[in-house]
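S.K.: Okay, sequence plus prediction incoming.
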Amino acid sequence: MSVTRRTVLIGGAVLALAGRAQAAITLSAALDAAAEERDPEKARALLAGFDPRDLPPVAALDLVTARAGLASDIAIRRAGQPGFDVLLERIFGPHRGAAAVERRLIRAQQEATRAALLLFDARGIDGATPGARFVRLWHESDGQFADSDAGRDAAIVAMNKALDRLRAMLPTLIGPVPGYCRDVSATRGSPEEQASGKVGARRLPLPGRPGAYVVDLARIADRPRCSLPSVVAHELLPGHMIQLPIEAAARPHTLRLSYAPGFAEGWGISAERLVARAGAWADDPRAQLGYLHWRLFRIARARADIGLHVHGWSIDEARARLVEWHGEPAYFAPFDSDLARIAREPAARTAEMLFALAIEDGTRGRRGRGRIAYHQALLVDGRMRSDEIARRART
């Protein structure tokens, strides 16, 4: 190749990159305008002149997500009183309808329940329902941390020991991540944070600043030892402390965030399953049961979402189902307050669990490098909707 031709090709590539960058800047302004526009049809029209093929990957994902979400908003406005399916599509993406979604949730619930019952049988923990067995597990005296400063410190030590185990598993499950994402820990927080109730919060890591999950241990009797390892996977590694900082670095537009809000929670839920299936708790049946309780909690609240908004369940009926299915409420979600929230936010809890299932579906049949490549593809540009998850799973 001649120097002249090489120069021309390099120059053309530079111009193409510059053109894509300029298109992304122009799109950002259009997305800002669309976010301010109250009429979704007018907002979507503002994005009509853009082609995702002309944009860098992050901007292209902003565009397709915003267009899809605005299309749902248009359908909602035209419907007047929108049904559950269109509300779910708005915050999740294409799906097969509430009936098919419910069947999928039931299959996932049955799988988790069967696994839990086998472990309960092996430990000699019986009960009339799965929920009754979890209640017995929760109140085993040798599974509790002491209700004291020493007990709370011991809980944090146990969580950081689990974190070390999960940190070592990252290369074979997720692959390379920014170093600062690994620089995280569980903590009780400062005395001021504890006194003010600023606990149960995340401090996301940044370059040069470690991250932390400030654990709420005020009601430590409600946080048995078995429940905490999966919290580490969800809140720290490989959960939120990987996905959220990488997403922040990608700088997705706020419209994309609003039309795929459950992706981050879905990533955290799928992270719990990923490490459990990789054997993180193979030597600790209690921790495995703790993971399965978290799994059943997330599935059950999605089923309660459908029950309340599609089948017309009463709050009392939904509560009875939750008690039967997993017995003990999640620490941060007592049954009554959680059901009130589910009633106020139709489709939100279903979307979160569906995101987890969609992410998990993409790992089916993948091992080693293939699994790593898939997880990297889900992380690099920030959150996405169901159709984009499926597309990246196919590549």
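M.R.: That came in fine, so what should we check first?
S.K.: For residue 138, which non-adjacent residue is spatially closest?
M.R.: Among residues not flanking residue 138 along the chain, residue 328 sits closest, at 4.8 Å (CB to CB, 6 or more residues apart in numbering). C-betas here are computed from N, CA, C, even on glycine.
S.K.: Tell me if I'm right that residue 376 and residue 170 touch.
M.R.: No: Residue 376 is beyond contact range of residue 170, at 11.8 Å (criterion: CB atoms under 8 Å).
S.K.: between these two, who's got more neighbours?
M.R.: residue 170 (19 against 15; other CB atoms under 10 Å).
S.K.: Can you tell me the element residue 50 falls in?
M.R.: Following DSSP states H and E, one finds residue 50 outside all helices and strands.
S.K.: same deal with residue 186?
M.R.: Using DSSP H and E, residue 186 sits within strand 184-187.
S.K.: who touches that strand?
M.R.: Strand 184-187 is contacted from outside by 156, 159-160, 163, 205, 210-215, 232, 235-237, 241, using CB atoms under 8 Å, 6 or more residues apart in numbering.
S.K.: again, only this time at 7 Å
M.R.: Under the contact criterion CB atoms under 7 Å, 6 or more residues apart in numbering, strand 184-187 has outside partners 156, 159-160, 163, 205, 210-215, 232, 236-237, 241.
S.K.: now the strands for the protein?
M.R.: Here the chain has its strands, by DSSP state E, at 184-187, 201-203, 211-214.
S.K.: Can you add mean pLDDT, mean neighbour count and distance to residue 194 and give these back as JSON lines?
M.R.: Formatted as JSON lines, these follow (pLDDT from 0 to 100; neighbours: other CB atoms under 10 Å; distance: least, CB to CB, whole Å):
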{"stretch": "strand 184-187", "mean pLDDT": "98", "mean neighbour count": "21", "distance to residue 194": "10"}
{"stretch": "strand 201-203", "mean pLDDT": "95", "mean neighbour count": "15", "distance to residue 194": "12"}
{"stretch": "strand 211-214", "mean pLDDT": "98", "mean neighbour count": "22", "distance to residue 194": "9"}
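S.K.: what's the closest of those to residue 390?
M.R.: Closest to residue 390 of the strands of the chain is strand 201-203 (CB to CB; 28.4 Å).
S.K.: How much space separates residue 39 from residue 46?
M.R.: 10 Å (CB to CB, to the nearest Å).
S.K.: the more surrounded of the two?
M.R.: A count of neighbours by other CB under 10 Å puts residue 46 above the other of residue 39 and residue 46, at 20 against 12.
S.K.: That one and residue 32 touch, don't they?
M.R.: No: checked against CB atoms under 7 Å, the pair residue 46 and residue 32 is beyond contact range at 9.5 Å.
S.K.: related to what we said a few turns ago, so which of the strands of the chain comes closest to residue 372?
M.R.: Short answer: strand 184-187, nearest of the strands of the chain by CB to CB, at 20.2 Å.
S.K.: Adjacent strands (with direction) for the closest one?
M.R.: strand 211-214 (parallel) (DSSP bridges).
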